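J.: Curious how this folds, go ahead:
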Amino acid sequence: ARDTDVDKAVGLGVGADDYVTKPFSPIELVARVKAHLRRYASGAAWSAGRADAVRAEEIIQAGPVRIDLARRRVTVRDAEVELTAKEFDLLAMLAEHPARVYTKAQIYERVWGEAPLGDLSTVQVHVRRLRTKIEEHPDEPTLITTVWGIGYRFEGGAS
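T.: Residues are numbered from 1 along each chain as shown. As a prediction, this is how the structure comes out:
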């Protein structure tokens, strides 16, 4: 029942991440919880993944592609390629585990940091865009290949 601006400020000031007053909408509450979980999961997944990647190796070289994990830079045939954050995360995830096949759902969960719900076409779109940036012939990919009926894999190896 504490719904004044002072009550909200005190609650947030003592460490709360959010403050919901009564009466509240169950829809809003669920949306707020999901938003917090999404931020927490992506931050925790990113931190854990980055720590492992940097410890294991900061540079992944696979054929013409060089991925600098620490600086989040990618070069293809010695030319720097501009990638979005999701494209970089997708490429790094696949390249860190060459030859491993990932389903679209696994990719979505690892790159977007949340459980996939419904249509996973966003993964296909990101793979297609990434291929246009790193593949010599995007219509005949040799680096990120499709495993029909399953998902995608990165060809080549870390060196």
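J.: how about stretch 102-118: buried residues?
T.: For stretch 102-118, the neighbour count (16 or more other Cβ atoms under 10 Å) marks 102-104, 106-109, 111-113, 116 as buried. Where you see a C-beta, it was placed from the backbone N, CA and C, and this is true even at glycine.
J.: Identify the farthest-apart pair in the residues you listed.
T.: Farthest pair in the buried residues of stretch 102-118 (Cβ to Cβ) is 103 and 113. Separation: 16.3 Å.
J.: Just the element for the most centrally placed residue in the chain, please.
T.: Centrality entry for the chain: nearest residue to the mean C-alpha point is residue 111, 2.2 Å, by Cα atoms, centre = their mean. Assigned by DSSP states H and E, residue 111 belongs to helix 104-112.
J.: Please state the offset of the helix or strand just after that helix from the chain centre?
T.: Toward the C-terminus, helix 104-112 is succeeded by helix 121-134 as the next helix or strand (DSSP H and E). Mean-position distance between helix 121-134 and its chain equals 13 Å (Cα atoms, centre = their mean, to the nearest Å).
J.: which residues are in contact with helix 121-134?
T.: For helix 121-134, contacts defined as Cβ atoms under 8 Å, 6 or more residues apart in numbering pick out 65, 74, 76, 81-84, 86-87, 90-91, 104, 107-108, 111-112, 138, 141, 143-144, 152.
J.: Return the subset of these lying in strands.
T.: Those of the contacts of helix 121-134 mapping onto strands are 65, 74, 76, 81, 144, 152, per DSSP state E.
J.: and the fourth one, what is it in contact with?
T.: With contacts taken as Cβ under 8 Å, 6+ apart, residue 81 has the following neighbours: 74-75, 133-134.
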